[in-house]
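**Q** Could you work out the structure for the sequence below:
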Amino acid sequence: MTKTHKDDTGRDLEGQHTPTTYLSRRAVLGGIATAILTTAGLGSAEAGIHHREPALGEQVALQPSAILPSASSIARMQHTSALLPDGLIMVAGGIAPHVGKTGLPLCSVQLYDPVSNTWYTAAPMQTPRYDHATVALPDGKVVVFGGFYHQPLASIEVYDPFANTWSYASPMPTPRKGHTATLTGEYIVITGGGGHRAFASVEVFHPSSNTWLQSSAL
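**A** Take a look at the predicted model:
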């Protein structure tokens, strides 16, 4: 069951953010409440990072005391996050708000330290993207799949946190956005999403050999 947090007016606070679990806590990074948020909230929107884990199905109004004071310098939505080996949380891509205009796709990457409550700037992705999918590998690297920038993307980028660099990997057979990426053993399974239509196809990536396998449809 999906947990939904609502504000005093009953509106969902947790739209288009990314949750990342570290240790025994859960950090909610960015997204939308009454406005697009930086990590600790934007304007009067009392949302962002919180560690209050409600009971199953419980609806709660987030109070300022539940908000960590350190805000990201970049408000974003439709981004992804991943936990790095050193405990930092990587936040990548998404859309930055432009009042009255279409949002700006981002290639920026930030690292959040939940222990010191501090943000750092990491090397940017080579391609701006949103509605992408992200998987953290056991060796510490992070793989970003597809997304959207002018059109659905097939490109894949791999982040090396030790060198703070990005490199391209073998592109997805099918450009897609809004999909999922799941690590299972030594493979990453890409499902769903779409371009101009929804996809039922499943594609499997083997990061060690940088190759793709075609799988059956959903």
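
**Q** I'd like the next helix or strand past the helix or strand bottoming out on mean pLDDT in the chain.
**A** For the chain, counting by mean pLDDT, DSSP states H and E, strand 25-29 ranks last in confidence among helices and strands (a mean of 48). Going down the chain from strand 25-29, the next helix or strand is strand 80-83, by DSSP states H and E.

**Q** low-confidence ranges in the chain?
**A** Within the chain, the segments meeting pLDDT under 70 span 1-71, 99-101, 216-218.

**Q** cutoff 80 now
**A** Low-confidence segments of the chain (pLDDT under 80): 1-73, 97-102, 214-218.

**Q** And the helices in it?
**A** Assigned helices in the chain: none (criterion: DSSP state H).

**Q** so what's Phe162 closest to, chain neighbours aside?
**A** Gly140 (6.7 Å; Cβ to Cβ, 6 or more residues apart in numbering). Heads up, the C-betas are built off the backbone N, CA and C, glycines and all.

**Q** err, Tyr159, not the other one
**A** The nearest residue in space to Tyr159 (Cβ to Cβ, 6+ apart) is Val142, at 4.3 Å.

**Q** could you measure that neighbour against Ser215, distance?
**A** Distance, Val142 to Ser215, using Cβ to Cβ, to the nearest Å: 23 Å.

**Q** same question, His196
**A** From His196 to Ser215 the distance is 22 Å (Cβ to Cβ).

**Q** again with Pro175
**A** Applying Cβ to Cβ to Pro175 and Ser215 gives a distance of 17 Å.

**Q** Out of those two, name the residue with the larger neighbour count.
**A** Pro175 (18 against 14; other Cβ atoms under 10 Å).

**Q** now that one: how far from Phe148?
**A** Pro175 is 9 Å from Phe148, by Cβ to Cβ.

**Q** Report the beta-bridge partner residues of the closest residue in space to His206 that isn't next to it in sequence.
**A** Excluding the flanking residues, the one nearest His206 by Cβ to Cβ, 6+ apart is Tyr187, at 5.7 Å. Beta-bridge partners of Tyr187, counted by DSSP bridges, are Thr184.

**Q** Touching, Tyr187 and Phe205? I think so.
**A** Yes - Tyr187 lies in contact with Phe205 (Cβ atoms under 8 Å); the separation is 6.8 Å.

**Q** Of these two, give the one with the bigger neighbour count.
**A** Set side by side, Tyr187 and Phe205 show more neighbours around Phe205, with 23 against 14, by other Cβ under 10 Å.

**Q** so who does that one touch?
**A** Neighbour list for Phe205: 143, 145, 156, 170, 172, 187-188, 190, 211-213 [criterion: Cβ atoms under 8 Å, 6 or more residues apart in numbering].

**Q** now it, which residues is it bridged with?
**A** Beta-bridge pairing of Phe205 under DSSP bridges involves Ile188, Trp212.

**Q** burial of Asn210, as a residue count?
**A** Around Asn210 there are 12 residues (other Cβ under 10 Å).
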